[in-house]
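S.K.: model this:
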Amino acid sequence: MARRARPKKMKPTGIKKTIDLGGGRTISLETGILAKQADGSVTVRCGDTIILATVVATKEAREGIDFLPLQVEYREKYSAAGRFPGGFFKRENRPSDGEVLVSRLVDRALRPLFNDDFHGDTQVQISLMSTDKQNPSDALACLAASAAIAVSDIPFNGPVSEVRIIRNNGTWTVNPTFQEMEGADIDLIVAGTASDVLMVEGEMLEVSEADMIEGIKTAHTAIKDQCRVINELAADVPKSHTKRTYDHEENDAELEKAIYDATFQKYYDIALQASAKEVRSEAFNKAKEDFLANLTDEQKAKKAMLARYFKKAQKAAVRRVVLEKGIRLDGRKTDEIRPIWSEVDVLPGTHGSAIFTRGETQAINLVTLGSKMDQQTVDTALVKRSDTFMLHYNFPSFSVGEVRPIRGPGRREIGHGNLALRALKPMIPTGTDNPYTIRLNCDILESNGSSSMATVCSGTLALMDAGIQIKAPVSGIAMGMISDPDGKYAILSDILGDEDHLGDMDFKVTGTEKGITATQMDMKVDGLSYEVLAKALEQARVGRLHILGEMMKTMAKPNADYKEHAPRIVSIEIPKESIGPVIGPGGRVIQEIQAETQTTIVLDEVDGMGQVQIMSENKAGIEAALARIKAIAFPPTAEIGVTYKGKVKTIMPYGAFVEIFPGTDGLLHVSELDWKRVENVEDVLKEGEMIEFQVVGKDPRTGKLKLSRKVLLPKPEGYVEREPAMEGDRRDRGDRPRRESRDRGPRREN
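M.R.: Residues are numbered from 1 along each chain as shown. Reported below is the predicted structural model:
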């Protein structure tokens, strides 16, 4: 019986669109082939860098949820780069800091575009599947995620996209390669819709506000084109034409109006009074409790609903006070900075320390100085490097008067620490100007607005206290904005925590007196014109310089020297061929030098030369180690008639071999130990002993240097010089003349 032929499996036909980057480079978007059971799935490719983005959202919201439970996870597979994960476990583990930072970039662009009443659990997963190690994947992650949502039936007010924009030698480049990024003075990631910019983050080398705005405008032009292509892709996917309906919130219009009518004026009056955070919170809570006391048990049971309505009324009242009266919750004007005090050298056991307090926000920053051995190894699928500057930001629960479990750093802490690091990094000296590995460890002790900017300010002061000769001091400020539908707005300098939650913008800017070094901006509403952005940046510049001036009152320039207990590091280059002799057989020589001088020595080969770092808290120890290494790498020539001091290396029956310089020995014959006869060398010398001697000659046969100890000793009174020994009387077997052969009779002839 004939077997029925199996139907041939056909690869599904996908839908594909292309974005032109110019210069022969393109980005392609494709859907309909991979991960089809997800609500949305798109593959993005640039060169041979390929990203798969998927999105899934539950149709129903969990009970009691009144926010969007959005998870954005970006992961890089080591297989994408043809590599094994480092460490013992050969599989991907918890996300690296780099993956967390990319996840945050995408999250901050997507989150504002979901409807306020959509509370379904939503998960966006972005996976790097392949990399050509030329095209960075972080600039493609949001494009892929947004496209995946666009081809799904999930309600979304997008599309949105992100691009990287750099300036190198005055030329702007969108989504550059790794090679093109080298030497750039502006490096920004910008996210936006076709109409508005939503998010900006990046670092700069002291650039002007106008240059930054130009970069954002250039990036937005590219974003508009990408959003157009996403819409074209979604138009060809039937599923995306009808977005799902949902009912994730229960509302009670009567109750909402009753709360607004009863509390708005109370909230307004509280906002008009200048008060501290704790006092203000108690007053707001009392207004809420007074209303709750008159509700029925049935109404009190609507907890999620009540929380939304109280928050909405309070937000409206506070915003109205700012827009109508120009008065903020703590009584400040819109451009006024909170009182500042700071102090350095607060912890004597550290290598540098500083406290910076601005209003109710306080940060303490500690500096630790180390050697190359302390560098942070970064080993990800795309990057393998060693960092010499680290900044770790910690946000303990007591800083806001809360109780919560102590766990590892969360995404927010990693993000805030990265922003502060990018702000300070351009000002850290490099090369021979700074031989140290530097770690800043910042703890937030109090928080009410912009703790990341307090981290920058305290970090600058701590570095200067440690004696690090930073190129220029850096300060930072957080800006906010409140606006209404009629176009009225107020830009707020040095925002409070409440103003961050209730406002429309969180815009952080750091820089020196010359220009901006880092920025992070998040918009919570549509429509920020470049005119308003320029005004916000100028107000930020004025505020930033005011904060810098207050910091300089505490410390105007770095200490001229490091702390007495800080490790000292001396760096030198030695010839490549000297690396082996310095290390010695099995590391014996370098270990001996470290043990005897109480130093730590790190030796690497860089660019065909030996790079040596000598570190110790003892200056004399460093000098001794440096002298020994130099003597090995650049051996001096011993001069006859000159006195030296060296170590007895080996004792023999006929004398001792003594180290003149590291790697250069001489023979101290038993007859040169003393003016009197010495029968046993050990009676005078011990191995490892340091002695003084003089170089008196060189053996013409062996080339060995001849040493003498007795020439440095006083000659005994009445001493009579011995006659020079005849050839046949020499004591050294090696110097004895050959004996004449005895006459044994005639030799037998062959």
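S.K.: contacting residues for residue 273?
M.R.: Under the criterion of C-beta atoms under 8 Å, 6 or more residues apart in numbering, the contact partners of residue 273 comprise 283, 331. From N, CA and C alone the C-beta is placed, and that goes for glycine too.
S.K.: Any idea how many residues pack against the closest residue to residue 194 other than its chain neighbours?
M.R.: Once flanking residues are discounted, residue 194 sits nearest to residue 227: 4.4 Å by C-beta to C-beta, 6 or more residues apart in numbering. When neighbours are counted by other C-beta atoms under 10 Å, residue 227 registers 22.
S.K.: Check residue 227 and give its pLDDT.
M.R.: At residue 227, the pLDDT value in this model is 97.
S.K.: quick one: it and residue 152, what's the gap?
M.R.: Remark: distance between residue 227 and residue 152 (C-beta to C-beta, to the nearest Å) = 16 Å.
S.K.: How many residues are close by residue 221?
M.R.: Residues near residue 221, counting by other C-beta under 10 Å, number 11.
S.K.: ok, now the one 10 residues further on?
M.R.: If you count neighbours by other C-beta under 10 Å, residue 231 ends up with 16.
S.K.: Let me see the contact set for it.
M.R.: Here residue 231 is in contact with 150, 159 (C-beta under 8 Å, 6+ apart).
S.K.: What's the per-residue pLDDT of it here?
M.R.: Looking at residue 231, its pLDDT reads 97.
S.K.: Phi first, then psi, for it.
M.R.: phi -60, psi -40 (degrees, to the nearest 10).
S.K.: just for this protein, where's the confidence low?
M.R.: Screening the chain residue by residue with the criterion pLDDT under 70, one finds the ranges 1-8, 527, 721-750.
S.K.: by contact count, what packs against the lengthiest strand in it?
M.R.: Of all the elements of type strand in the chain, the one with the most residues (DSSP state E) is strand 49-61. For strand 49-61, the elements it packs on are strand 40-46, strand 120-130, helix 138-150, judged by 3 or more C-beta pairs under 8 Å, 6 or more residues apart in numbering; DSSP states H and E.
S.K.: Run through the residues that contact the closest residue in space to residue 203 that isn't next to it in sequence.
M.R.: What sits nearest to residue 203 in space, not counting adjacent residues and going by C-beta to C-beta, 6+ apart, is residue 422, at 4.1 Å. Under the criterion of C-beta under 8 Å, 6+ apart, the contact partners of residue 422 comprise 202, 203, 517, 518.
S.K.: and what of residue 410?
M.R.: Contacts were defined as C-beta under 8 Å, 6+ apart; by that measure residue 410 touches residue 395.
S.K.: does the residue most central in space within the chain have beta-bridge partners, and which?
M.R.: The structure's the chain has its C-alpha centroid closest to residue 390; by C-alpha atoms, centre = their mean the separation is 4.9 Å. Beta-bridge partners of residue 390, counted by DSSP bridges, are residue 439.
S.K.: After the helix or strand where residue 518 lies, which helix or strand is next?
M.R.: Counting by DSSP states H and E, the element that carries residue 518 is strand 516-523. Moving toward the C-terminus from strand 516-523, the next helix or strand (DSSP H and E) is helix 530-554.
S.K.: Can you mark which positions in that following helix are buried?
M.R.: Of all the residues in helix 530-554, those buried under the rule 16 or more other C-beta atoms under 10 Å are 532-533, 536-537, 539-541, 543-544, 546-548, 550-552, 554.
S.K.: Break down the stretch 351-500 of the chain into its helices, ranges please.
M.R.: 411-424, 451-465, 497-502 (DSSP state H, counting those that start in this stretch).
S.K.: circling back: correct me, but the residue nearest to residue 194 touches residue 193?
M.R.: Yes: here residue 227 lies in contact with residue 193, judged by C-beta atoms under 8 Å, at a distance of 6.2 Å.
S.K.: and for those two, which residues touch both?
M.R.: Among the neighbours of residue 227, those also in contact with residue 193 (C-beta under 8 Å, 6+ apart) are 158, 159, 160.
S.K.: my guess is the second one meets residue 145, correct?
M.R.: No: shown here, residue 159 and residue 145 do not form a contact pair, counting by C-beta under 8 Å, at 10.0 Å.
S.K.: Compare those two and say which is more crowded by neighbours.
M.R.: Applying other C-beta under 10 Å to residue 159 and residue 145 shows that residue 145 carries more neighbours, namely 31 against 23.
S.K.: Any figure for the gap between that one and residue 156?
M.R.: Using C-beta to C-beta, we find residue 145 at a distance of 11 Å from residue 156.
S.K.: shared neighbours, these two?
M.R.: Common neighbours of residue 145 and residue 156 are not found (criterion: C-beta under 8 Å, 6+ apart).
S.K.: so residue 264 sits in a strand?
M.R.: No: assessed with DSSP: H, G, I helix; E, B strand; the rest coil, residue 264 is helix; it does not lie in a strand.
S.K.: residue contacts, it?
M.R.: When the contact criterion is C-beta under 8 Å, 6+ apart, the partners of residue 264 are 313, 316, 317.
S.K.: Tell me the buried residues within these.
M.R.: Of all those considered here, the ones buried according to neighbour count by 16+ other C-beta under 10 Å are 313, 316, 317.
S.K.: Include secondary structure and distance to residue 217 when you put those residues into JSON lines, please.
M.R.: Output for the buried ones among the contacts of residue 264, formatted as JSON lines (DSSP: H, G, I helix; E, B strand; the rest coil; distance: C-beta to C-beta, whole Å):
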{"residue": "313", "secondary structure": "helix", "distance to residue 217": "38"}
{"residue": "316", "secondary structure": "helix", "distance to residue 217": "33"}
{"residue": "317", "secondary structure": "helix", "distance to residue 217": "36"}
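S.K.: quick one: which of those residues is nearest to residue 596?
M.R.: Distance from residue 596 was checked for each of the buried ones among the contacts of residue 264 by C-beta to C-beta. The minimum falls on residue 317, at 73.3 Å.
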